[in-house]
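Q: here is a sequence together with a model predicted from it:
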Amino acid sequence: MLVKKRFSKIPTFVNEAQKMDPLTADLYLCETSELLFGKKTAWKPDGQLQNHILIYCTKGEAELILAADHVILRQEQYCIIPKGFTFEMITRQIEPSVFITCQFNGSKSNILEQDFTVVRDLVPSISNRVANRKMLFDEIFSNLSRGYLNANMHYINFTFAHLLATFVFASKTSEDIEVEENPVIQQTIRFMEQNIDKKLSLKEIADEVGYSFTYLSTIFRKETNYSPLSYFSHLKITKSCEYLDQTKLKIKQIAFMLGYSDPYYFSKDFQKKMGVSPRNYRNRMKG
């Protein structure tokens, strides 16, 4: 069972006008919905995404399948999937599950992909709550019912930009940092980020934080849904996206800079996690 509790799709002619409007061309909303799922319900949008999509779980949970990754998306967690990708969601035994989605686009929206790439946003944030998100969603839905005059669309898109910022920059705002964050997890991630150019073993990571690799793996997976080495691999792929987007480095150079001894293995790992090859990803970003 899948029920659209609330749904609004911006007409094509309005989106075309938003593309030309200097106030909205950089970032504009295309569609938003609040979806109610029964247990074991599948949702798979047709074809490749034409817009980026924000998916925010407000109740329940679902398995999110994207390329080779299977991640559980739980209450108060979110992900943002870039356009050009395909995905599927399957709810679990919890009923009901509720998700709010926003599809968006814009001439500068790709610049944000270093902050909401598939990899990064599928790793659930430990500190991703902002109290006024629900209010911002309600404000957007309410104003969409008032029509598509320029002034109203400007207000809607500025409100959406504020909403999107509460997700993209959630872990970077002091108001969002929870006291109970696990310092071991934070230390582990910092060590990974500082050694992104190396090939670390699980033992090396565990030794750095002073725990056995068995215990570290258990608590790390509990917090992030990923094993330490899988998370480290995701960080490498995320960094490679930045290099592909922002530099003219050759793919094999990027592979070596990120600690891959074999460029072929890097390309294979990138394809597995991102659903496209590094070359096609770079070409898509140029497009």
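A: Right, received. Where do you want to start?
Q: which intervals of the protein have sub-threshold pLDDT?
A: 111-131, 170-181, 284-287 (pLDDT under 70).
Q: and the strands in it, which stretches?
A: With strands called from DSSP state E, the chain shows them at 2-9, 28-37, 42-43, 52-59, 61-66, 69-74, 78-81, 88-91, 97-105.
Q: and those strands: which comes nearest G259?
A: G259 sits nearest to strand 69-74 of all the strands of the chain, at 20.7 Å, using CB to CB. Backbone N, C-alpha and C define where each C-beta goes, glycine included.
Q: who does that closest one touch, helix- and strand-wise?
A: strand 52-59, strand 61-66, helix 118-122 (3 or more CB pairs under 8 Å, 6 or more residues apart in numbering; DSSP states H and E).
Q: same thing but at 6 Å, please
A: strand 61-66 (3 or more CB pairs under 6 Å, 6 or more residues apart in numbering; DSSP states H and E).
Q: just list what the strand it packs on packs against, helices and strands only.
A: strand 69-74, strand 88-91.
Q: quick revisit: save the strands of the chain as JSON lines, and put in distance to H162 too.
A: Shown next, in JSON lines, are these (distance: least, CB to CB, whole Å):
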{"stretch": "strand 2-9", "distance to H162": "18"}
{"stretch": "strand 28-37", "distance to H162": "12"}
{"stretch": "strand 42-43", "distance to H162": "27"}
{"stretch": "strand 52-59", "distance to H162": "13"}
{"stretch": "strand 61-66", "distance to H162": "25"}
{"stretch": "strand 69-74", "distance to H162": "23"}
{"stretch": "strand 78-81", "distance to H162": "15"}
{"stretch": "strand 88-91", "distance to H162": "26"}
{"stretch": "strand 97-105", "distance to H162": "12"}
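Q: how about those, which one is nearest D21?
A: strand 28-37 (8.2 Å).
Q: just put the strands of the chain in a markdown table and tack on distance to L216 and mean neighbour count.
A: As requested, these are arranged in a markdown table below (distance: least, CB to CB, whole Å; neighbours: other CB atoms under 10 Å):
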| stretch | distance to L216 | mean neighbour count |
| --- | --- | --- |
| strand 2-9 | 39 | 13 |
| strand 28-37 | 34 | 21 |
| strand 42-43 | 34 | 14 |
| strand 52-59 | 27 | 20 |
| strand 61-66 | 25 | 19 |
| strand 69-74 | 20 | 17 |
| strand 78-81 | 25 | 23 |
| strand 88-91 | 30 | 19 |
| strand 97-105 | 31 | 21 |
